[in-house]
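Novice: My questions concern the predicted model and sequence given below.
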Amino acid sequence: MSTNPTSTTETPVSLSASAAGSGHGVPAGGRQIKMEEMYLNMGPQHPSTHGVLRLGIMLEGEVIVDVIPDLGYLHRGTEKLAEHRNYMQIIHLTDRMDYLSAMNNNTGYVMVVEKVMGVKPPERAEYIRVIMCELNRIASHLLFFGTYGVDMGAVTPFLYGFRERELVLDLFEKVCGARMTHSYMRIGGVAEDLPSGFIEQCLEFIPYFRARLAEYDELLTYNPIFMDRTKGVGRLSPERALAYGVTGPMLRASGVLYDLRRDEPYSVYDHFDFEIPTGREGDCWDRYFVRMQEMRQSLSIVEQALAALPPGPVNLKTSRVLKAPEGEAYVEVENPRGQLGYYLVSDGGESPYRLHIRPPSFINLQVLPELLTGLKVGDVIAVLGSVDIVLGEVDR
Amino acid sequence: MIPAELVDLVLQKFPGVQKEQPPPKAYSDGVPILLSPPHLIVEVALFLRDAPELAMDLLKNLTAVDYGDRMTLVCHLFSLKKRHKVTLKVNLDRLEPKVESLSGIWPAANWQEREVFDLFGVQFLHHPDLRRIMLPEDWTGHPLRKDYVHEPDQYD
């Protein structure tokens, strides 16, 4: 990505002065040299955008002066479709938003419907939901681990991450037959009870994966080249993170201790003992590290849930035609990428009058231009990868 | 949860603001709903954010609902310092919906307002960059409005 053909003025001094990421274009003598800006298009087909995102990047030499994200390539009108589907059919639409954490999406959706309908699933179903959500968090963070390694030029973590993710997907396949787009949650419980052999397979996976996590740290986390590329890059202060509505691991990496699983426990999260990892600097490495730590906590939650799994039914008897009474509710769940919110307005009919989805990656992505401005063009991938977006959810 | 006296604080400061009561039999999740007239929205939002007792520092969600006779803008607010919630609503004229932008108060509103503009056609005044965000720029109409008519295209 050489940018030298565009600079019209000879500015050998100004580029070195911009190393700190600010004050670019001001050489040591204080004389302002204006360079011609270059427009660099990135995406929509670009492996590092993790989907179809287009970034219009304005460069001055090698320094980014502005970033204009262009979204909507994957817009499927989920909210409009939901107005023409009944409550059960919408579960399948939610799978396809953040397709890397379909279990979590399902859970949030069935929770908002249950809330308006005033039903409460049996306790065993709640435990199964928590197990599935945490396993899905691991699978989702593993994909982040692998692809972020590739983004940073390390191909091996990709193979390791996908190898372990496969084991989680095997567990999901056992439970519901699907490796992605699970549609496993139902209004009033889950689709089916855990199959025989699931608990044993899961208990085998936990110690195996714990050992792998230590291996990942040796492989990538404390790798000097990886740290050089991510430490101190794309710093996000807690104040700016809050102003932009950033949530999830990205907010916690900036040092804000806010996790719905602990602060407003839904389902049965208040039955478990776990820690919320936070970062200090809010840079790319912290965002990576928080996710790695979260996988350890998820393992611990799964372990506790399996040990305390109560017997009983996993589903309420609900009628075939579900009708939610008139009313509205806003429910949020802690997804791997941040807080996923569902705002349901019901008029008493068979389908929602309005269903709005607050996707965490859409809101988190808003902060990208602010993070990138002033950095070098080579840091675009490092910062974008650390935001960890899924375009299916950004565009819906 | 925001205690009743904090809602009263807003109601006393702004006599034009009302507390919305849900219909008698309807479900409500208990989060208080403040209904502001469109011309007061910026003052009310600033008060909610800056009053030390309220400190609504996080705009979680901003969207709209087309009720057929009115267009309602819905903001779900949260205070990380005080750990309470409030929902702020504004009823707009459905035929010509326009309202001051909140993106100067919470930058989080920026893209969400663009989405509401794109899908509902609500004009946000003084928004820094009010363009369509999901649909192509040459799209006609706003699909989430209840009177939107889908023109069959090559895919139907």
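Specialist: In hand now; what should we look at?
Novice: Listing partners with orientation, what would you give for the worst-scoring helix or strand of chain B on mean pLDDT?
Specialist: Ranked by mean pLDDT, DSSP states H and E, the weakest helix or strand in chain B is strand B:27-28, scoring a mean of 74. Its sheet considered, strand B:27-28 pairs with strand A:327-335 (parallel) by DSSP bridges.
Novice: what element comes up after the strand it pairs with heading to the C-terminus?
Specialist: strand A:338-346 (DSSP states H and E).
Novice: tell me the mean pLDDT over that following strand?
Specialist: When pLDDT is averaged along strand A:338-346, the result is 91.
Novice: starting at the chain centroid, how far to the least confident helix or strand of chain B?
Specialist: Here strand B:27-28 shows a centroid-to-chain-centroid distance of 19 Å under the convention C-alpha atoms, centre = their mean, to the nearest Å.
Novice: what does that strand rub up against?
Specialist: Residues from elsewhere that reach strand B:27-28 (C-beta atoms under 8 Å, 6 or more residues apart in numbering or on different chains): A:Lys115, A:Val116, A:Gly118, A:Ala324, A:Pro325, A:Glu326, A:Gly327, A:Glu328, A:Ala329, A:Ser346, B:Pro22. Bear in mind the C-beta positions are built from the backbone N, C-alpha and C, glycine included.
Novice: And these, which is the shakiest by pLDDT?
Specialist: B:Pro22 (73).
Novice: returning to what we had before: out of the contacts of strand B:27-28, which is most surrounded?
Specialist: The most crowded member of the contacts of strand B:27-28, judged by other C-beta atoms under 10 Å in any protein chain shown, is A:Ala324 (27 neighbours).
Novice: tell me the average confidence for the helix of greatest length in chain B?
Specialist: Looking across chain B with DSSP state H, the single longest helix is helix B:109-120. Averaged over helix B:109-120, pLDDT sits at 92.
Novice: same thing with stretch A:312-322?
Specialist: Model confidence over stretch A:312-322, given as mean pLDDT, is 81.
Novice: Also stretch A:225-237?
Specialist: For stretch A:225-237, the mean pLDDT works out to 89.
Novice: How about that stretch and chain B, touching?
Specialist: No. For stretch A:225-237 and chain B, the contact criterion (C-beta under 8 Å from any C-beta of the partner chain) is not met; the two come no nearer than 12.5 Å.
Novice: hmm, who's touching the helix or strand just after the least confident helix or strand of chain B?
Specialist: Next helix or strand after strand B:27-28 toward the C-terminus (DSSP H and E): strand B:33-36. Strand B:33-36 is contacted from outside by B:7, B:10, B:14, B:16-20, B:22, B:44, B:86-91, using C-beta under 8 Å, 6+ apart.
Novice: in the stretch 251-396 of chain A, what residue is nearest chain B?
Specialist: When scored by C-beta to the nearest C-beta, the stretch 251-396 of chain A has A:Gly327 as its residue closest to chain B, at 2.8 Å.
Novice: partners of that residue in the sheet?
Specialist: A:Ser346, B:Tyr27.
Novice: Check whether it really touches A:Tyr353, as I assumed.
Specialist: No. If you go by C-beta atoms under 8 Å, A:Gly327 and A:Tyr353 don't touch, sitting 10.2 Å apart.
Novice: between those two, what contacts are shared?
Specialist: Common neighbours of A:Gly327 and A:Tyr353 (C-beta under 8 Å, 6+ apart) are A:Ser346.
Novice: Find me the pLDDT at B:Lys89, would you?
Specialist: 91.
Novice: and it, what does it touch?
Specialist: B:Glu20, B:Ile33, B:Leu34, B:Leu35, B:Ser36, B:Thr72, B:Leu73, B:Val74, B:Cys75.
Novice: Tell me the one of the residues you listed nearest chain A?
Specialist: Using C-beta to the nearest C-beta, those come closest to chain A at B:Val74, 6.9 Å.
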